[in-house]
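S.K.: What would the 3D arrangement of this be:
(one chain, ligands or ions: 1)
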Amino acid sequence: MPRIARLTDEERIVALAALPHWRLADDGSGISRSLKFSDFVEAFGFMSRVALLAERADHHPEWSNVYNRVDIRLTTHDAGGLSARDIALARAIDALIARAD
Ligand code: H2B
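M.R.: Got it, this is the predicted structure:
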């Protein structure tokens, strides 16, 4: 697979402006979002849907779950930082949440 490029500082700013629920790590290496659901089943159902998206895109989140909370961090290991793949997955995750509202 070709090596994927890290976003430049300017690309990061532009991408994050369109993702208000995501926080850029201080070192710029990734973005994160925390979500709370009504209970564990809702949280795990969400994770299952994201897992299918991630597998299809061959791009996987770093995440953790405690009961109804899911903490997600997106970074591209192959790029050593934030790439367009993380932005695309963040958008897809946001779209899943929007549909769940
Ligand atoms: N997920 C993430 N977040 N970053 C990657 O660089 C990555 C991945 N690479 N999922 C993929 C899998 C790679 O390891 C496989 C071989 O395509």
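
S.K.: If you tally nearby residues, what's the number for Arg12?
M.R.: When counting by other C-beta atoms under 10 Å, one arrives at 17 neighbours for Arg12. C-beta coordinates here come from the backbone N, C-alpha and C atoms, glycine included.

S.K.: how about the residues of the protein that lie near the ligand?
M.R.: 1, 58-60, 75-78 (C-beta under 6 Å from any ligand atom).

S.K.: As a markdown table, these with secondary structure would be great.
M.R.: Listed next are the residues of the chain next to the ligand as a markdown table, based on DSSP: H, G, I helix; E, B strand; the rest coil:
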| residue | secondary structure |
| --- | --- |
| Met1 | coil |
| Asp58 | coil |
| His59 | coil |
| His60 | coil |
| Thr75 | coil |
| Thr76 | strand |
| His77 | coil |
| Asp78 | coil |
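
S.K.: Report the two members of these separated by the largest distance.
M.R.: Met1 and Thr75 (16.6 Å; C-beta to C-beta).

S.K.: need the strands for this structure, in chain order.
M.R.: Assigned by DSSP state E, the chain shows strands spanning 23-24, 31-36, 62-66, 69-74.
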